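The following block contains a protein sequence and its predicted model.
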Amino acid sequence: MFSRRERKERLTKLPGEEEVSEAVKSIIVPAEPIQVAKRDPSWRIIESYYVYKPFVKIVIAETPQGPMYFVEEYGLTPSDKEVLEKLTDILMDEIRPPTRPEDIKDLKGYVFKETERIADKYREKLGLVGARKIKLLYYIERNLLGYGPIDPLMKDPNIEDISCNGVNIPIYVWHKKYESIPTNITFIDEDYLNEFVMKMAHMAGKHISIAFPILDAMLPEKHRLAATFGREVSVKGPTFTIRKFRERPFSVTEIIQSGVINSLVAAYLWTLIEHGKTAMIAGGTGVGKTTMLNVISMFIRPGMKIVTIEDTPEINLPHPNWVQLTSRETYLVGTSSLGTNIRLFDLVKLSLRYRPDYIIVGEVRGEEAFVLFQAMASVSYDTPVLIRDPINKIHLVKIGEFIDKFYEEGEERTAKHVNGYYVLSHDGFQVVWKPIKYVLRHRTNEIYEIIYEGGGKLEATGSHSVFVLDPDTLDIVEKPVMLLNKGEYLVSFNGVKENKDHQTIDLIDLVSDYNDVYVDNIPSELKKHTGGRNPIPLKQYMILRKRVITKKNNSLIKLRRSKYTLPIRLVLDEKLAFLFGAYIANGCVKERRDKLICFTFGKSAKNIADKVMNIMYEKFNIKPFIDDRGTYIIYEYPHTLLAIIFEKLLGRKLEEKKMPEILWSSPKSVIRAFFEGLRAYSQRTLRRRYTSYTTANKNLAYQLLWLARFAGFYSVLKEEKEAGKNNGKTYYHVIVYLDQSYRKPNASERVPVKPILKLIKYTKPRTMPPELAYIKRREFISRKTALKALEWIRRDGSFTDFSREYLRKIESLINGDIIVLKIKDVRKKQYKGYVYDISVPITEAFFGGNIPILLHNTGHGGLSTIHAETLDYAIKRLTSPPMNIPPTYMKLMNTFIHLQRVIARIEKGVVRVRRRATIVQEVEDFGKYRTIAVWDPRTDQFKVNLEESLHLRDIAAKRGLELEDIIDEIYRKATVLNWMIYKNIFNVWDVSRIIFNYYYDPVSVYKRAVRELEEAGREAGVPTMVAPEEVASTEELVGGTKEMGEATKELFERTRELEK
């Protein structure tokens, strides 16, 4: 290993090229038990170059059997070989392990310096002077620090693979230009080849022997080594293959220049990956699958969390937020194993806990493929979610019911942009409203059911993530449903920031479709348009109200032949809310000649009955007819108009009852009064801290559960199937806790004790107060007890910055809206139908479920390769054991890129084989593909049809743009790529820097590319194109216009001319 300066000094002492040739010819005895064949001078030299000048020269010669790879090194005479062996023995005896940190860090440099020192020490004794010393030092470097006889092959940047197929068989190499060709190096001693394979295994930190004759490992320079030992599994003796790792990965501009893809295909892939789409690269051996995987991975947005998973690490990325995982095999000794076998599948499951934006698997071969591409993570149709609409009304709806209205019949997998709707999400430990960006649905045939504390149930696809609280770190992290375990803590809430203002019910809206309603006491401004008539029909009043502005409106509504009137607006105060709750509990509307509002109360509920009568008289000036039936009393109010109002707001009879949605926007005191009125249903709860209500109406039960949680009252659900005459009918028992003073805290009043015990360990406070000693034996403690413990820790503990921050997180949990619910069970079940998802910017989370829990609204992007000669075979492998991906999931493999080796041309009798992405397809459904790009072998060009893309339409919908806008953006990216090629920017780190800059400031990067390409076009005589006008902002660039898009495409075509 020589520095540049040292090598220059040595070159002045070495013989010239002619002498090198003579030295090669003078080989008498090889330095190792190998055979190095001589090149026949009559063979035509196709190409020659140095890989380590002047020590190693490579010659590609045309032999009668075809091209052959010749390594020509400085030869060793018998005397040289004898001195080399003596020097090697001395080195093994005298060299000592390094002790200085800088030497330990650079072991090769240390060994070489020690070698020079020892060579100088024995210079006279061994005759190590002049060119001989330099030549032998080269061989010492080659044999001790390098790869011995194959070291020249390892140094050749044109070599991709090196293969030894056994003893007495020439080593083959995979050359970039000539593909697989034999070399002039042959191992002729089986024992030596075994030792050589063992040495490489040790270099890789692995073991190979007769007991373990197979090896798959990574060499120190990240080259991938596969080897066999002896003749245990390989008939022709030891074998090995080295797939060389390229320290500097190929860049996208390099593969565009080499013709693997063109800039437009690259820009299309860039756009897909920028937006989190998945891609699978298929192809046979040696077609460049890993190279393409590494190249398109460069398109991932900077800052995104990336996890790569490989058997041997080959992917090399510039992204800082990158976790690199590798699998590990075990060794069996007898019946015992050394270490734990870590499969790709285990790592893919682990990676999901890292909250990745992209998971990249080097090559899928097993069940890891199933996890990798489950990017569409969704919940079942009837999952309740709380939605706030564009006019600020709040509704608890089934997620499927909400999302289906954005889709045509049969339509799926295309995201639908949504404006003006909000969903409950979170900000740390606080519950907040967040805007919905887009919605999505797709079909599935399998789903998981989570059973959790409080009677909660949720159905979701296995890859759908829910948020759990890590009790060690107090971080809220997402976890796929398929990986959930019993006892883990799901995140729920108990209270949302309340609205302090009482809400008003507009009775006009409720009765607007009734013909017999009149408006009395109309404002004077309206009387001018009625000829003085008062009252007037409701429909006339509604027309006038739109035309005439009134200062004050105390109008009343009434039925034409009724004495009862109602104000056109009712304030929903605590009294009216109590009345509504009592109606839900024991009320209904009956029809006789007129409509009646009826309440039925037991004798023990006299207080509630009296309160209802007082409110009805105070609010509506009406007294009931009382029918005493002995054990219960019926109170009837003959008020048809009020009965209509109750029907509209609360439902007519038991199965039709519903909660008035105006309660969602009411103060906590009003909601509490509503639940106080609901106590009338269950007489035994009148004096308890909770209220109980049972119904067969599932929607009403869920509304009550959510409303209670929304207002900060803990609620639980119990489901029971009835027997007897109602055999099989499900009843829902809702319990709402209105008071908190109770011996055993419920889930809303408790916190996990683990973080508090951890804080005690960090801060080491003095003796724990006796009243807190019991907390060490508990899983949960009340918030009140937790605050007492924190008070003691603050007073007596010793804090660091870390423990102070940890204390702050515990306080935020105790004082926040978030609570935790334990998982009871997770099970897989069959499902047939659509599943649904909601996208929430920034938090990517929303609350859903019969008992609300925090759901993660998105999956991850996935990139991988698969060994398959054709796309059909790739699909067959993916849907067969051991991968077993259901055919319905094939849509999740958004894009397939098929790579092949093709005959590009024949030069001077030598066939030139090139790699090409022969086809790029989007997966529309199982067995149904859309071709986006195809390689034409006649012209060696690509035909691209971006308008065919479903995924570009999906991206456009999510961003609120048109397809043409996204296509224009792709042309701009392609122009930037062509500009980099024109500027000879091929270094992968330079290319990735420009791509990252494009993400940060697309306007500046694009403008620069346009300007410099325009200048180059004029200088080269290429007709000047009409470039887009000045772009003022990123929005203008991304949004695009038709004129700008056409100019961009024209510019793109001109840059291709420049490239040619």
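Received, thanks. Residues are numbered from 1 along each chain as shown.

make it CA atoms for all contacts and neighbour counts henceforth
Noted.

element containing residue 510?
In this assignment (DSSP states H and E), residue 510 forms part of helix 507-511.

helix or strand right after that helix?
With DSSP H and E, the next secondary element past helix 507-511 is strand 517-520.

elements contacting that following strand?
Packing contacts for strand 517-520, counted by 3 or more CA pairs under 8 Å, 6 or more residues apart in numbering; DSSP states H and E, involve strand 536-537, helix 538-547, strand 556-559.

what does the second one contact?
By that I understand helix 538-547. Outside helix 538-547, the residues that touch it by CA atoms under 8 Å, 6 or more residues apart in numbering are 512, 515, 517-519, 526, 529.

just to revisit the earlier point, ok, which of the helices and strands packed on strand 517-520 comes nearest residue 318?
helix 538-547 (62.7 Å; CA to CA).

Which positions within the closest one qualify as buried?
538-539, 541, 544 (16 or more other CA atoms under 10 Å).

Where does pLDDT dip in the stretch 951-1060 of the chain?
Across the stretch 951-1060 of the chain, the ranges flagged by pLDDT under 70 are 1017-1060.

Mind jotting down where the strands sit in it?
Applying DSSP state E, counting those that start in this stretch to the stretch 951-1060 of the chain gives no strands.

what does the stretch 401-550 of the chain give?
Counting by DSSP E, counting those that start in this stretch, one finds strands in the stretch 401-550 of the chain at the ranges 416-417, 422-427, 430-435, 438-452, 456-460, 465-469, 476-480, 489-493, 503-506, 517-520, 536-537.

How about residue 698: what's its closest non-neighbour residue?
residue 732 (6.7 Å; CA to CA, 6 or more residues apart in numbering).

and what of residue 256?
Of all residues not flanking residue 256 in the chain, residue 262 sits nearest, at 5.1 Å (CA to CA, 6+ apart).

surely the one you found meets residue 253?
No. If you go by CA atoms under 8 Å, residue 262 and residue 253 don't touch, sitting 9.1 Å apart.

rewinding a little: any quick ChimeraX command for the buried ones out of the contacts of helix 538-547?
Buried subset of the contacts of helix 538-547, written as a ChimeraX selection, criterion 16+ other CA under 10 Å:
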select :517,518,519,526
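
quick one: which of the contacts of helix 538-547 is nearest residue 783?
Set against residue 783, the nearest of these by CA to CA is residue 512 (49.4 Å).

For residue 645, see how far away that closest one is.
11 Å (CA to CA, to the nearest Å).

Same check on residue 916?
Between residue 916 and residue 645 the computed distance is 72 Å (CA to CA).

who's more crowded, the two?
residue 916 (27 against 16; other CA atoms under 10 Å).

And that one, which helix or strand is it part of?
strand 910-925.

Relative to the whole chain's centre, how far out is that strand?
28 Å (CA atoms, centre = their mean, to the nearest Å).

Can I get it as PDB, trimmed to CA atoms?
Extracted as PDB, the C-alpha positions of strand 910-925 are listed here (Å, rounded to 0.1, in the frame of the first residue of the first chain):
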ATOM      1  CA  VAL A 910     -17.000  -8.900 -30.100                       C
ATOM      2  CA  VAL A 911     -20.600  -9.100 -28.900                       C
ATOM      3  CA  ARG A 912     -21.500  -6.100 -26.700                       C
ATOM      4  CA  VAL A 913     -24.000  -7.100 -24.100                       C
ATOM      5  CA  ARG A 914     -25.800  -4.400 -22.200                       C
ATOM      6  CA  ARG A 915     -28.300  -4.100 -19.400                       C
ATOM      7  CA  ARG A 916     -31.600  -2.500 -20.100                       C
ATOM      8  CA  ALA A 917     -34.900  -2.000 -18.200                       C
ATOM      9  CA  THR A 918     -36.900  -3.700 -20.900                       C
ATOM     10  CA  ILE A 919     -40.300  -2.800 -19.500                       C
ATOM     11  CA  VAL A 920     -41.700  -0.700 -16.700                       C
ATOM     12  CA  GLN A 921     -45.300  -1.500 -15.700                       C
ATOM     13  CA  GLU A 922     -47.800  -0.500 -13.100                       C
ATOM     14  CA  VAL A 923     -49.900  -3.200 -11.400                       C
ATOM     15  CA  GLU A 924     -53.600  -2.400 -11.800                       C
ATOM     16  CA  ASP A 925     -54.800  -5.700 -10.500                       C
END
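
If anything else comes up later, I'll come back, but that's it for now.
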